[in-house]
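J.: sequence and predicted structure below; questions after.
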Amino acid sequence: MTTLDILPEVTCPPTDLWSDEPPLESDLHLQQIIILLSCLELLWQEKNDYYASGNLTIYYNEEQLKKPDFCGPDFFVVLDTEKRPRKSWVVWGEQGKYPNVIVEILSDSTANIDRNKKKILYQNTFRTPNYFWFDPNTLEWQGFRLIEGQYQAISANEQGYLWSEQLGLYLGIFDGKLRYFTVDGQLVPTPQEAELQQRQAKEEKEQILLEREQERQAKEQALLEKEQERQAKERLAAKLRELGINPQTI
């Protein structure tokens, strides 16, 4: 009998696990998650090395399978990974990767957990570099950056935006919603806003072309009228000369 014969059987934990999240608490929560997800997907439509999702379970240890007492983040982003659909995020099936960015949408029932228990978990276990929370009702808004193993509050810029070095974007409040802003402060549009902007830009371009065409036609009309006037004068002069009248004397 060899050493290999007496080794205990090793059982690997499952990786194909379904998400097990409670329903979202309000339409505001749903709308906010959709905005964060859809704006990033539009901005990063050429990228295939990230995963972003919302209200999805993150499985990070086996004990969690026996005692499911953790609700996944409202929104999170993992960088340097394959962009593909998933049933959940299983850390041990994703090369040990945890989210680079997490956003929690506060509510009366979850705010205390998001500010304390989850903050500690994301800091000490997940080691998530950027953690943000946002209350869609009160507009409470705060962000943290992991520095030497501890979360430090991110200072806002003059516009009140917080910088995420992980996303290369600012996050800030616009029209009562948490939104992304580029490094130069431009609002990252939703797909609907982008479509509207494209349609307006197209209409403006068509209007400019129409005005230029109308201006060209007006100039052509003026030249035509001037030429018609010249020809009429020439015919009149010719007729006067036929009558023996010098047009210059008139």
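T.: That came through, no problem. Everything numeric in this text was worked out from a predicted model, so none of it was measured.

J.: give me the helices and strands touching the longest helix seen in the chain, please.
T.: Identified as the longest helix of the chain according to DSSP state H is helix 191-242. Using 3 or more C-beta pairs under 8 Å, 6 or more residues apart in numbering; DSSP states H and E, the elements in contact with helix 191-242 are helix 27-43. In short, each C-beta sits where N, CA and C put it, glycine included.

J.: and the contacts of the helix it packs on?
T.: By C-beta atoms under 8 Å, 6 or more residues apart in numbering, the residues outside helix 27-43 that reach it are 24, 52-55, 74-75, 77, 103, 105, 107, 134, 136-137, 167, 169, 177-180, 188-191, 194.

J.: restricting to C-alpha, output that helix in CSV.
T.: Output in CSV follows, covering the C-alpha atoms of helix 27-43 (Å, rounded to 0.1, in the frame of the first residue of the first chain):
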residue,chain,number,x,y,z
ASP,A,27,-38.1,50.7,-7.6
LEU,A,28,-35.4,53.3,-6.6
HIS,A,29,-33.0,50.4,-5.8
LEU,A,30,-33.8,48.7,-9.1
GLN,A,31,-33.4,51.9,-11.1
GLN,A,32,-30.1,52.7,-9.5
ILE,A,33,-28.6,49.3,-10.1
ILE,A,34,-29.8,49.4,-13.8
ILE,A,35,-28.2,52.8,-14.2
LEU,A,36,-24.8,51.7,-12.8
LEU,A,37,-24.8,48.5,-14.8
SER,A,38,-26.1,49.9,-18.2
CYS,A,39,-23.9,53.0,-18.1
LEU,A,40,-20.7,51.0,-17.5
GLU,A,41,-21.6,48.4,-20.1
LEU,A,42,-22.2,51.2,-22.7
LEU,A,43,-18.9,53.0,-21.7
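
J.: so it versus helix 191-242, what angle?
T.: 60 degrees (axes from the mean of the first three to the mean of the last three C-alpha atoms, to 10 degrees).

J.: start at 360, not 1
T.: Sure, I'll start numbering at 360, so the last one becomes helix 386-402.

J.: what's the spacing between helix 386-402 and its chain's center?
T.: 8 Å (C-alpha atoms, centre = their mean, to the nearest Å).

J.: so what are the sheet partners of the helix or strand following that helix and their directions?
T.: Per DSSP states H and E, the first helix or strand lying C-terminal to helix 386-402 is strand 409-413. Applying DSSP bridges to the sheet, strand 409-413 is found paired with strand 434-438 (antiparallel).

J.: how about residues contacting the strand it pairs with?
T.: Contacts for strand 434-438 (C-beta under 8 Å, 6+ apart): 391-392, 395-396, 399, 408-415, 417, 448, 453, 456-464, 487, 525-526.

J.: avg pLDDT for it?
T.: The predicted model gives strand 434-438 an average pLDDT of 98.

J.: so Ala515 touches Leu530, yeah?
T.: No: using C-beta atoms under 8 Å, Ala515 makes no contact with Leu530, being 10.1 Å away.

J.: where's Leu546 relative to Leu498, distance?
T.: To Leu498, Leu546 is 17 Å away according to C-beta to C-beta, to the nearest Å.

J.: okay, those two: which has more neighbours?
T.: It is Leu546, of Leu546 and Leu498, that has more neighbours when counted by other C-beta atoms under 10 Å, with 15 against 11.

J.: and that one, backbone torsions?
T.: According to degrees, to the nearest 10, the main-chain angles of Leu546 amount to phi -70, psi 130.

J.: from what I see, it and Ile532 are in contact.
T.: No: assessed by C-beta under 8 Å, Leu546 is found out of contact with Ile532, at 11.2 Å.
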